[in-house]
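Colleague: Model the structure of this input:
(chains A and B)
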2 protein chains.
Amino acid sequence: MRATVLHSPGDIRLDTLPDPDLEADTDAIVRVVAACVCGSDLWPYRGLNKPQTEPHQIGHEHVGVVERVGSDVSALSVGDFVIAPFMYSDNTCVHCRNGVQTSCVNGGGYTGCQAELVRVPQADGTLVTVPGEVGDDLLPHVLALTDVFPTGHHAAVSAGVTAGSTVVVVGDGAVGLSAVLAAKRLGASTVVAMSRHADRQALATEFGADHIVEKRDKEGAAEVREILDGIGADAVLECVGTKESMKQAFLSLRPGGTVGYVGVPHGVELNVPAMFGRNQGLAGGVAPVRAYLDELLPEVLSGDLRPGAVFDHTFALDEVADAYTAMDERTAIKALLRP
Amino acid sequence: MRATVLHSPGDIRLDTLPDPDLEADTDAIVRVVAACVCGSDLWPYRGLNKPQTEPHQIGHEHVGVVERVGSDVSALSVGDFVIAPFMYSDNTCVHCRNGVQTSCVNGGGYTGCQAELVRVPQADGTLVTVPGEVGDDLLPHVLALTDVFPTGHHAAVSAGVTAGSTVVVVGDGAVGLSAVLAAKRLGASTVVAMSRHADRQALATEFGADHIVEKRDKEGAAEVREILDGIGADAVLECVGTKESMKQAFLSLRPGGTVGYVGVPHGVELNVPAMFGRNQGLAGGVAPVRAYLDELLPEVLSGDLRPGAVFDHTFALDEVADAYTAMDERTAIKALLRP
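Modeller: Reported below is the predicted structural model:
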């Protein structure tokens, strides 16, 4: 099969690799219909994670059609169109029952999904079948359910967003924009998106943002406070993961509020005494996508929820290097890949 | 009046100072009926806060009788028996309306309450009148509402303790023991108290703790997991404020759980990437006591809630130095002072 391999930072190639095989009776093999590039893929692409020692496959978001199933797989049939949350889980262990499928005792991450075929462990617990035909119109929206939208949703849920909440979103990547949509869906009365890019501002507004703030640091926080009763937001959704973005989040939060964070933390530092004095909480983490699909998929199928608008560029799989360049240079909000 | 003054670390004296006077029309002067020593008073007593430059009054918990009121005080009358939350607040500003009275725009801390008289700013917003007679039997329980019990309660509320929660309490001081009582009151199914002292273990059990764990560090966390389904607690209440106690709290918490912290942080460090990967949150801070009194006082008056059991030693005000010694050496769980 053809599969995307990161050979070293900046060196993305579509290589030919052996097809994946069933390794456990609970595995399935999925033929990828669509995959995409995540902001978190850019960390190793940019060489900002721990030093890379050897080439490895990359990508963790895909939807596709079940091609083979192991002998213990009972909930899926060959030919099913499935959504694959970006981590696999048995969906039965105590952590899964607690809604933290990302901590599943039999869970983990994929070898790589920007490929033609993916081996999905714990297939019964992981894959969610989409009933009926999935045409090109529906495709981006179900693909968005593998990671980006549930991750924005997780930020909002973790921060306690509910009817009437005031919300600030830090980060105008695809996750941040999804967080805007998620916050409005949960009933937020006011959502402020912090963004400096016209294309992202436009999508934030389409997703329901009531205000756009371009300033940053203390100036940005001052503008946020001006919008929000002089005190800051009930909930801030931190969708970047840097020291600066987390600082921005707490600067924009009112006393007693919560930062919901989903940006993979890189060098984040917290001022605990300040948080303590202002009763500001921190919640969130790696999004347990599987926990949210039963709630979100019906709304996508009915057309009420259209999170796939974050995909503004589509590339063929053999253009994957261009997709990474577009994401890296921020000319794409989020790149969809078609094998 | 006689008032407790910290002259330098370890040097506590009962000095004679001028009586406090009304300074604003919203002030009241309260004649103290009972005060007490807080674990947080021990930080400056032990010289563990920033260097002390000059002697200052100390103490922030008191109940008493209103002696004088300013011309703008309308909700209180001379002779009222009142509970004074350990920070004052107008109880009308936006932060107070959000239930974060500790961030009141007109709020702050007292000059010192281990004294015969206290000037209470924002008296209408701060002081809560206790109807009827307050005899010696009721006294410790209403005194416990000024700080120690609502602080334990705040840890439990912040950590999301609700019916059926599994809870670990880190810290067996008066706040930790109050947190045990608060967690059971909120319906926790299992409460594990971490304690090595027989007297504190006994009170934890009296307050409803289902298990006592004496071990610490990874061994203590392993015992906690053994008790709690192998995974740790839904909620951990951190009632100390040190680096070690916070580490113990996260070691004892299940993925997806929340640490509710009320121990004033001194050198606390957080492992943010680990919290992120396990979806573990942190919430809490300085307890907004005033926010909880309307709910808690009726239960104290009815006798259903008896948080004053934390006071195991009573001292006359002129024995205040002995009270500090007893708290410092942990021979007292919490010392009550009678002027």
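Colleague: Mean pLDDT per helix and strand in chain A: which one sits at the bottom?
Modeller: Every helix and strand of chain A was ranked by mean pLDDT, DSSP states H and E. The lowest is helix A:42-45, at a mean of 94.
Colleague: CA atoms of that one as PDB?
Modeller: C-alpha atoms of helix A:42-45 as PDB (Å, rounded to 0.1, in the frame of the first residue of the first chain):
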ATOM      1  CA  LEU A  42       3.100  19.500  12.700                       C
ATOM      2  CA  TRP A  43       5.100  19.100  16.000                       C
ATOM      3  CA  PRO A  44       7.200  16.200  14.700                       C
ATOM      4  CA  TYR A  45       7.100  17.700  11.200                       C
END
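Colleague: That helix and chain B, are they touching?
Modeller: No. Contact of helix A:42-45 with chain B (C-beta under 8 Å from any C-beta of the partner chain) is absent, the minimum separation being 12.4 Å. Every residue, glycine included, has its C-beta placed from N, CA and C.
Colleague: can you list contacts of that helix?
Modeller: Residues from elsewhere that reach helix A:42-45 (C-beta atoms under 8 Å, 6 or more residues apart in numbering or on different chains): A:L6, A:P9, A:G10, A:I12, A:N49, A:Q52, A:I58, A:V264, A:H266, A:Y324, A:M327, A:D328.
Colleague: From the residues you listed, pick the one nearest B:A221.
Modeller: Taking C-beta to C-beta as the measure, B:A221 lies nearest A:V264 of the contacts of helix A:42-45, at 25.5 Å.
Colleague: Tell me who's in contact with the closest one.
Modeller: A:S40, A:W43, A:G241, A:V286, B:F276.
Colleague: and the closest residue to A:V286 other than its chain neighbours, how many residues sit next to it?
Modeller: Nearest residue to A:V286 in three dimensions, chain neighbours excluded: A:T102, at 4.8 Å (C-beta to C-beta, 6 or more residues apart in numbering or on different chains). Residues lying near A:T102 (other C-beta atoms under 10 Å in any protein chain shown) number 28.
Colleague: Quick check: A:A287 is in a helix.
Modeller: No. With DSSP: H, G, I helix; E, B strand; the rest coil as the criterion, A:A287 is coil rather than part of a helix.
Colleague: Now it, what are its backbone angles?
Modeller: phi -70, psi 130 (degrees, to the nearest 10).
Colleague: Equivalent analysis for A:G281, please.
Modeller: The phi/psi pair for A:G281 (degrees, to the nearest 10) reads phi -100, psi 170.
Colleague: got a list of what the nearest residue to A:G132 once chain neighbours are set aside touches?
Modeller: In this structure, A:G132 finds its nearest non-sequential neighbour in A:L301, 7.9 Å apart by C-beta to C-beta, 6+ apart. By C-beta under 8 Å, 6+ apart, A:L301 lies in contact with A:V130, A:P131, A:G132, A:L138.
Colleague: hmm, back to that, work out the gap between the least confident helix or strand of chain A and the centre of the chain.
Modeller: In this view, helix A:42-45 has its centroid 15 Å away from the chain centroid, taken as C-alpha atoms, centre = their mean, to the nearest Å.
Colleague: so A:Q248 is in which element?
Modeller: Assessed by DSSP states H and E, A:Q248 sits inside helix A:243-251.
Colleague: Show me what the strand or helix carrying A:R200 is packed up against.
Modeller: Here A:R200 is covered by helix A:198-206, with elements defined by DSSP H and E. Applying 3 or more C-beta pairs under 8 Å, 6 or more residues apart in numbering or on different chains; DSSP states H and E, one finds that helix A:198-206 contacts helix A:174-185, strand A:190-194, strand A:211-213.
Colleague: got the buried residues for that helix?
Modeller: Applying a neighbour-count criterion of 16 or more other C-beta atoms under 10 Å in any protein chain shown, one finds A:R200, A:Q201, A:L203, A:A204 buried in helix A:198-206.
Colleague: CA atoms of that helix as CSV?
Modeller: This file holds the C-alpha atoms of helix A:198-206, laid out as CSV (Å, rounded to 0.1, in the frame of the first residue of the first chain):
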residue,chain,number,x,y,z
ALA,A,198,-9.0,36.8,7.7
ASP,A,199,-9.9,33.3,6.5
ARG,A,200,-10.0,31.9,10.0
GLN,A,201,-11.9,34.9,11.3
ALA,A,202,-14.5,34.3,8.6
LEU,A,203,-14.9,30.7,9.5
ALA,A,204,-15.1,31.5,13.2
THR,A,205,-17.9,33.9,12.4
GLU,A,206,-19.6,31.3,10.3
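Colleague: what does it rub up against?
Modeller: A:V169, A:D172, A:G173, A:L177, A:V180, A:A193, A:S195, A:I212, A:A309, A:V310, A:D312, A:I333.
Colleague: try 6 Å
Modeller: Helix A:198-206 is touched from outside by A:D172, A:L177, A:V180, A:A193, A:S195, A:I212, with contacts defined as C-beta atoms under 6 Å, 6 or more residues apart in numbering or on different chains.
Colleague: Can you say which two of those are spatially most distant?
Modeller: A:L177 and A:I212 (11.8 Å).
Colleague: the more surrounded of these two?
Modeller: Under the neighbour definition other C-beta under 10 Å, A:L177 and A:I212 were set side by side, and A:L177 has more, 30 against 18.
Colleague: and that one, what does it touch?
Modeller: Taking C-beta under 6 Å, 6+ apart, we find A:L177 in contact with A:L203, A:A204, A:F207, A:V310.
Colleague: Rebuild the residues you listed as JSON lines, extending it with pLDDT.
Modeller: Listed next are the contacts of A:L177 as JSON lines, based on pLDDT from 0 to 100:
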{"residue": "A:L203", "pLDDT": "98"}
{"residue": "A:A204", "pLDDT": "98"}
{"residue": "A:F207", "pLDDT": "98"}
{"residue": "A:V310", "pLDDT": "98"}
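Colleague: and these as a markdown table, adding distance to A:V120?
Modeller: Shown next, in a markdown table, are the contacts of A:L177 (distance: C-beta to C-beta, whole Å):
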| residue | distance to A:V120 |
| --- | --- |
| A:L203 | 30 |
| A:A204 | 33 |
| A:F207 | 30 |
| A:V310 | 23 |
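Colleague: Out of those, give me the two with the largest separation.
Modeller: The two members of the contacts of A:L177 with the most space between them (C-beta to C-beta) are A:A204 and A:V310, at 10.7 Å.
Colleague: quick one: secondary structure of the residue lying farthest from the centre of chain A?
Modeller: The centre of chain A is farthest from one residue, A:G277, which by C-alpha atoms, centre = their mean lies 31.9 Å away. Secondary structure state of A:G277, per three-state DSSP, is helix.
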